[in-house]
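Trainee: only geometry, no sequence info:
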C-alpha cells in the first residue's frame, strides 16, 4: 500500500492524471481512486517563478515539495471524502490542501506555493487561485480499472444467482469493500441509495449498511 512503498521506487511514467483515467474508462473518479494501487501528487511547477511548499508532519518545517509525492492512505481516504462534498470544487486547491505525501526524506503536508527566490531576493506574494494546482496521478493500467469494476458489479456479467426470488449480481470480494464503494457512489450522486444498490448483489455474508 501507499504507506509502505518506497517513493524512489515509483516510476511516474506508469501513471496518468486522474482526469484522463476517468475519461478513458468512463468510471467515476471515486472508483478510480479506490482501485489505483498507488496515487501520486504531482507538484511539478508549471513555470520556474514559483514552487510548491509542504509542512513537515513531525518538525513542522516548511520545505519544497518533491515533484512527485506518494499519497498516504489516510490522505487517500480524505480525498475521497472531499470529492463527495458538494461544497468543495473538484478544480479548487481546497481539494488537495493539507494532503500528506511520503517523500524520500520523510512526510510532507501540502501547504502553499511561494515565489522562487532570485538572488536571495523573494518575489511578491502569490494568490493561490492564480497558480495551477498540483495534479493527482493514478495508475495508467486502464485494464486494471475495468477488471476491478467488473468484479465489483459496476460492469459485470449477470450470473444465475437468486436472492428473494430475483436475479442478482454476484459479488466475489469482501462485503465491506462493496459497502464503502456504495456509500461513496451515493454521496457523489452516481447512485440513489447505497442500501438498494447493495441488495442487487449476492454474497455469503451480507454487509450491514450504516
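Mentor: On my side now, so go ahead. Treat the numbers as computed from the prediction; the structure is a model and nothing was measured. Numbering: from 1, shown residues only.
Trainee: Name the SS class of residue 24, please.
Mentor: Recorded secondary structure, residue 24: helix (DSSP: H, G, I helix; E, B strand; the rest coil).
Trainee: Only the buried residues of the host helix or strand of residue 179, if you could.
Mentor: Here residue 179 sits within helix 175-187, counting by DSSP states H and E. In terms of neighbour count (16 or more other C-beta atoms under 10 Å), helix 175-187 has its buried residues at 175, 178-187. Every C-beta, even on glycine, is put in place using the N, C-alpha and C of the backbone.
Trainee: can you redo those residues as a markdown table with pLDDT and distance to residue 95?
Mentor: Formatted as a markdown table, those follow (pLDDT from 0 to 100; distance: C-beta to C-beta, whole Å):
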| residue | pLDDT | distance to residue 95 |
| --- | --- | --- |
| 175 | 70 | 30 |
| 178 | 73 | 26 |
| 179 | 76 | 24 |
| 180 | 77 | 20 |
| 181 | 78 | 20 |
| 182 | 78 | 22 |
| 183 | 77 | 19 |
| 184 | 76 | 15 |
| 185 | 76 | 18 |
| 186 | 73 | 20 |
| 187 | 73 | 15 |
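Trainee: for the chain, which spans come out with low pLDDT?
Mentor: Along the chain, the parts satisfying pLDDT under 70 run over 1-8, 117-125, 153-174, 188-190, 192, 199-210.
Trainee: can you list the domain ranges for it.
Mentor: 7-143, 152-202 (automatic domain parsing).
Trainee: would you list every one of the strands in this protein?
Mentor: 15-17, 39-42, 50-56, 62-64, 68-71, 100-103, 106-115, 135-139, 162-163, 166-167, 169-170, 201-202 (DSSP state E).
Trainee: Can you tell me what sits against the fourth one?
Mentor: In other words, strand 62-64. Strand 62-64 has contacts (C-beta atoms under 8 Å, 6 or more residues apart in numbering) with 51-56, 108, 111.
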